[in-house]
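A.B. asks: sequence plus the predicted model coming up.
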Amino acid sequence: MDVTPKFMSFMSSEDCLSTHLSIPTAFISKFGNLIHVGVKLSTPNGYEMWVDFDKRRGRLFGMKPLFRNFKIEGGQSILFDFVGDFKFNLQIFDVFGFEIDYSAVMPTLDGEVLISSDGCSFVSSHRLGHKPVDEIVCSPA
């Protein structure tokens, strides 16, 4: 059984007003060199977002959309499961320690998505750090 590195962040109301989240020093000293500058955060419902990692400060920047979308306002906790290079799987727990219901938050795509009437049936937008990579799959005519 493989065990992936994890840390838990207990969110205060002040933390939730910030755009960054500090990663525990012990986690940074052990795994900081393995974490890329651009990091993807994923939740069990398929929600994904990219944030920036500042290795020197041990912080993730750009956290406000996650806090807003999942209504993290203080008292909740987030389990970060580092699954390699540039990805953390997240589990969010309410103030009572129960995992939240993710179904209220829709998975997101970065940027604008347009579906035209000329046959495009699926648009997927991915980011690798700051650089977007788009894939468009059109149905046969």
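C.D. replies: Nice, I can see it. Residues are numbered from 1 along each chain as shown.

A.B. asks: domain parsing for the chain?
C.D. replies: The record's domain parsing of the chain by automatic domain parsing lists 6-104, 109-141.

A.B. asks: just name the most buried of those.
C.D. replies: Among those, ranked by average contacts under mean count of other Cβ atoms under 10 Å, first place goes to domain 6-104 (a mean of 15). For every residue, glycine as well, the C-beta is placed using N, CA and C.

A.B. asks: for that domain, measure first residue to last.
C.D. replies: End-to-end distance of domain 6-104 (Cα to Cα, to the nearest Å): 25 Å.

A.B. asks: got the domains of the chain as CSV, with mean pLDDT columns?
C.D. replies: Shown next, in CSV, are the domains of the chain (pLDDT from 0 to 100):
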stretch, mean pLDDT
domain 6-104, 93
domain 109-141, 50
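
A.B. asks: parallel or antiparallel, list what pairs with the helix or strand Phe80 falls within.
C.D. replies: Following DSSP states H and E, one finds Phe80 within strand 77-84. The pairing partners recorded for strand 77-84 under DSSP bridges are strand 6-10 (antiparallel), strand 87-93 (antiparallel).

A.B. asks: out of those strands, which is closest to Phe31?
C.D. replies: For the strands paired with strand 77-84, proximity to Phe31 was assessed by Cβ to Cβ; strand 6-10 is nearest, at 9.1 Å.

A.B. asks: what comes into contact with the closest one?
C.D. replies: Strand 6-10 has contacts (Cβ atoms under 8 Å, 6 or more residues apart in numbering) with 15, 21, 23-24, 27, 77-82.

A.B. asks: ok, which stretches of this protein are strands?
C.D. replies: With DSSP state E applied, the chain shows strands at 6-10, 20-22, 38-42, 48-54, 59-61, 77-84, 87-93, 120-128, 131-138, listed in chain order.

A.B. asks: hey, C-alpha coordinates of the strand holding Phe80 in PDB?
C.D. replies: Provided in PDB are the C-alpha atoms of strand 77-84 (Å, rounded to 0.1, in the frame of the first residue of the first chain):
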ATOM      1  CA  SER A  77     -10.200  22.100   7.400                       C
ATOM      2  CA  ILE A  78      -8.600  20.900   4.100                       C
ATOM      3  CA  LEU A  79      -6.600  17.700   3.700                       C
ATOM      4  CA  PHE A  80      -3.900  18.100   1.000                       C
ATOM      5  CA  ASP A  81      -2.800  14.800  -0.500                       C
ATOM      6  CA  PHE A  82       0.400  15.300  -2.600                       C
ATOM      7  CA  VAL A  83       0.100  12.900  -5.500                       C
ATOM      8  CA  GLY A  84       3.200  14.100  -7.400                       C
END
